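**Q** Sequence first, predicted coordinates after that:
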2 protein chains.
Amino acid sequence: MAFTEFRPLDEKLLREYIKATPSLSSKIGNEFDDLTIKEVGDGNLNFVYIVVGTSGSIVIKQALEYIRCIGESWPMTRERAYFEALALKEHRQLCPDHVHEVYHFDRPMSLIGMRFLEPPHIILRKGLIAGIEYPLLAEHISEYMAKTLFCTSLLYRSTMEHKRAVAEFCGNVELCNHTARVVFSDPYRVSQYNHWTSPYLDRDVEAVREDNYLKIEIAELKSKFCERAQALIHGDLHTGSVMVTLDSTQVIDPEFAFYGPMGFDIGAFLGNLILACFAQDGHANQRNDRKVFGIVLQSYKEWILRTLEETWTLFHKKFTALWDQHKGGSGEAYIPEIYNNPEIQQLVQQKFMKDLFHDTLGFGAAKMIRRIVGVAHVEDFESIKDARKRAACEQAALEFAKMLLKERRKFQAMAEVVSAIPNLHL
Amino acid sequence: MAFTEFRPLDEKLLREYIKATPSLSSKIGNEFDDLTIKEVGDGNLNFVYIVVGTSGSIVIKQALEYIRCIGESWPMTRERAYFEALALKEHRQLCPDHVHEVYHFDRPMSLIGMRFLEPPHIILRKGLIAGIEYPLLAEHISEYMAKTLFCTSLLYRSTMEHKRAVAEFCGNVELCNHTARVVFSDPYRVSQYNHWTSPYLDRDVEAVREDNYLKIEIAELKSKFCERAQALIHGDLHTGSVMVTLDSTQVIDPEFAFYGPMGFDIGAFLGNLILACFAQDGHANQRNDRKVFGIVLQSYKEWILRTLEETWTLFHKKFTALWDQHKGGSGEAYIPEIYNNPEIQQLVQQKFMKDLFHDTLGFGAAKMIRRIVGVAHVEDFESIKDARKRAACEQAALEFAKMLLKERRKFQAMAEVVSAIPNLHL
């Protein structure tokens, strides 16, 4: 059975689809009687099925014509599945340890068949809320970011390859447009989709809309996001787009991928770690034994902050190591005949990494702000039941993010950023 | 007669081609016996024919598979003709007073049939060498730059329109690649195509290659050129790409067009004006009556410098006027609900124009440098017969350009740049 045009799948159709698709049926042992199918799409956009067979499991993801969490009132092209599959393949080639395999892609059906990330893999955000330490997280995610960002930039690629790839991903404009709106616009204006912990944050939300300096800075970042084709970025690299176990880190869901500024990915990840950190104080209070849990949670906050700092430090190390390793290659940004002595090599790297650091802080802060006053919030805060406590955490995070966005150029190292994160006393 | 595949035209074939093409033959009165055809391509890249008929004239431009002035050793896609035609149509729609009409485009033949810019139109560069003042030049060229750059940017366009256009022009990558090489790379390394007034400039050429700070700055500009899709730029807007009379200014030859940084166009034009200015002192000396011509040429230099300053001032005025006029439109860079009070509107405009000013100075300086030590020189200097005098002018221009590239952020207004241009005493 073949689908020649788009049909949203239900369980029955899915079963038929898999049966008719060797690249999928072979993964589950070609037995169809005992398949169990479970819809698990808890994300904002798509339908996701886990299909468990006798000798293996797969994941089937299908994009619909709108944003699932909002409904048909917010349409969104199904073509995002094409760009997700493309980015997964490209990123997996560059970083197979942290990007899962795509078994099958069907463009008319907007359907991707892919590896099932078996238990105990969970969404990193849930792990952070549960207070689990992931000792290899910084190592892994920095590896993913360094490899995917470096190798899709002009540091590694020729202008010809780069422009061809940029043109292809320009096709993912609807998703870029969506990001531009929810990250760089809606939080700074009145929008029907915005929400926040009211009434506690009412005044703060207004203050965001009235902060001229903040709005100048967000315009600069928006222009970078819309105009600067620096590397093939994931485009939505928050802690909900990463699945983890204690020894595995897998990046998922790159449907927002396009050629954009590197700092947007790094910032998304680090900004969401900072949000997790601010949320800890709210979680502490939710439990009764303030003292014991207070100590536990304090030490967990420290782990998050250590991970934040290590992620940047390791990223910096790996990224510049790739640069050194490939400096005689086909990358055209810094031609070796021109950047031909150790002094200038060091100078250009320092300048590049400093600019990237400031971009990272700016985008990270922007991602924090939008998760507090925009359309899509984070479970880290949402799971704090007491609205007053939640608001206190969010307010502190918002203040910090505003400061970071405006003052980012004053920071020289991630340790300084970590030191600037306040301890809340709720 | 129709050509189904590419054939380089000669006079005989061209005659047949026009006869078979109503959009062209109608322009020359549908008479073919008395046609006169003259090949006038004095540029670096293409064949250009002026075809004069009984009741009208046209220009036929055909691109070949290589760069004409270098030969078959430097291949260059014929597809540039497609992007030239596309840019001409787009820019003419935005600024019909200063962009000529395209009558006919034939993609397989890489052939454009267009308006003949009748005498006394001459190439601006030749007018500058001849010492002719063009009282409307600043007014006209600033109009062209303001309209084409503003209306193809996110200040005027939606993200959707913008990305679609960016993707299309990514196809012109070979031409971008060529520019990247000759402007941002070759002058800063040993290259077989580089040449300069030797032996006088030997040491200066070496100094360019050894100037770490200069090379850091050129890398930043190169990255903007390769990554930042800000507007549909002409891509080669020097004084040889503009035809003028005392009351007409027509921009020609946008085959290098793509979505790049606005400052690259403005800088190209202004940088070439500055080169013309430095060349004047060499021309002064070529004539015997130093005193009389000295005064004449001094006053001509002053006109060039006035034009330089006025071009920027008028561009600034027209560009921000367009911005004010369209601020409620579909442009998505600064959404009116966010940039919603006069103070912030002024702040964002000031910041935008300051950044654009510094980009303009940087790119302008880069274009000056490459015309002195790179592959393609300018007639302004080349027409100075005395090599020692020519070298003195070039050396002064090169020093100024290096300073401008490195110190551009210290300048606040074009008047300061003009004041910094030295008077040579040869």
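**A** That came through, no problem. All of these numbers come straight from a predicted model, not from anything done at the bench.
**Q** which helices and strands sit right next to the helix or strand where A:Gln346 lies?
**A** Here A:Gln346 sits within helix A:342-373, counting by DSSP states H and E. Counting contacts by 3 or more Cβ pairs under 8 Å, 6 or more residues apart in numbering or on different chains; DSSP states H and E, helix A:342-373 packs against helix A:202-209, helix A:212-227, helix A:262-286, helix A:290-325, helix A:387-407, helix B:212-227. Glycine gets a C-beta too; all of them are placed from N, C-alpha and C.
**Q** same for the third one, what does it pack against?
**A** Read that as helix A:262-286. Helices and strands touching helix A:262-286, as assessed by 3+ Cβ pairs under 8 Å, 6+ apart, comprise helix A:124-129, helix A:137-151, strand A:231-233, helix A:290-325, helix A:342-373, helix A:379-382, helix A:387-407.
**Q** For B:Glu332, which of these is the nearest?
**A** Judged by Cβ to Cβ, the one of the helices and strands packed on helix A:262-286 that comes nearest to B:Glu332 is helix A:342-373, at 16.2 Å.
**Q** how about that closest one: buried residues?
**A** The neighbour-count check on helix A:342-373 (16 or more other Cβ atoms under 10 Å in any protein chain shown) flags A:344-345, A:347-349, A:352-353, A:355-373 as buried.
**Q** Point out where the stretch 251-400 of chain A drops to low pLDDT.
**A** A:285-294 (pLDDT under 70).
**Q** If you check it against chain B, which residue is the closest one?
**A** Using Cβ to the nearest Cβ, the point where the stretch 251-400 of chain A gets nearest to chain B is A:Glu337, with a distance of 4.1 Å.
**Q** That residue - that's part of a helix, no?
**A** No: using DSSP: H, G, I helix; E, B strand; the rest coil, the assignment for A:Glu337 is coil, not a helix.
**Q** Tell me, how many residues neighbour it?
**A** By the measure other Cβ atoms under 10 Å in any protein chain shown, the count of residues near A:Glu337 is 12.
**Q** name the element the residue in the stretch 1-150 of chain A that chain B sits nearest to belongs to?
**A** In the stretch 1-150 of chain A, the residue that lies nearest chain B is A:Thr77 (10.9 Å; Cβ to the nearest Cβ). Using DSSP H and E, A:Thr77 falls within no helix or strand.
**Q** doesn't A:Glu174 make contact with it?
**A** Yes: at 4.6 Å, A:Thr77 and A:Glu174 qualify as touching, with contact defined as Cβ atoms under 8 Å.
**Q** circling back to that earlier point, relative to B:Glu168, how far out is the residue of the stretch 251-400 of chain A closest to chain B?
**A** In this view, A:Glu337 and B:Glu168 are 33 Å apart by Cβ to Cβ, to the nearest Å.
**Q** quick revisit: burial-wise, tell me which of the helices and strands packed on helix A:342-373 comes out on top.
**A** Comparing the helices and strands packed on helix A:342-373 by mean neighbour count (mean count of other Cβ atoms under 10 Å in any protein chain shown), helix A:262-286 ranks first with a mean of 25.
**Q** Would you mind getting the angle between it and helix A:387-407?
**A** Helix A:262-286 runs at 150 degrees relative to helix A:387-407, counting by axes from the mean of the first three to the mean of the last three Cα atoms, to 10 degrees.
**Q** how far out from the middle of the chain is helix A:262-286?
**A** Its chain's C-alpha centre and that of helix A:262-286 lie 12 Å apart, by Cα atoms, centre = their mean, to the nearest Å.
**Q** Next, the angle from it to helix A:212-227.
**A** 130 degrees.
**Q** between helix A:262-286 and helix A:290-325, what angle do the directions make?
**A** 170 degrees.
**Q** wouldn't A:Cys277 be in contact with A:Trp303 here?
**A** No: proximity of A:Cys277 to A:Trp303 does not meet the contact threshold set by Cβ under 8 Å, at 9.6 Å.
**Q** Need the helices and strands packed on helix A:262-286 in CSV (columns: distance to B:His98).
**A** Shown next, in CSV, are the helices and strands packed on helix A:262-286 (distance: least, Cβ to Cβ, whole Å):
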stretch, distance to B:His98
helix A:124-129, 55
helix A:137-151, 42
strand A:231-233, 37
helix A:290-325, 44
helix A:342-373, 37
helix A:379-382, 55
helix A:387-407, 41
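**Q** Can you say which of these is nearest to B:Leu270?
**A** Of all those, helix A:342-373 sits nearest to B:Leu270, with 26.0 Å by Cβ to Cβ.
**Q** And for A:Pro336, the neighbour number?
**A** Count around A:Pro336 with other Cβ under 10 Å applied: 12.
**Q** Can you read off the backbone torsions of it?
**A** A:Pro336 adopts backbone torsions of phi -60, psi -30, taken as degrees, to the nearest 10.
**Q** got the residues of the stretch 301-426 of chain A near chain B?
**A** Contact residues, the stretch 301-426 of chain A versus chain B (Cβ under 8 Å from any Cβ of the partner chain): A:332-335, A:337-341, A:343-344, A:347-348, A:351.
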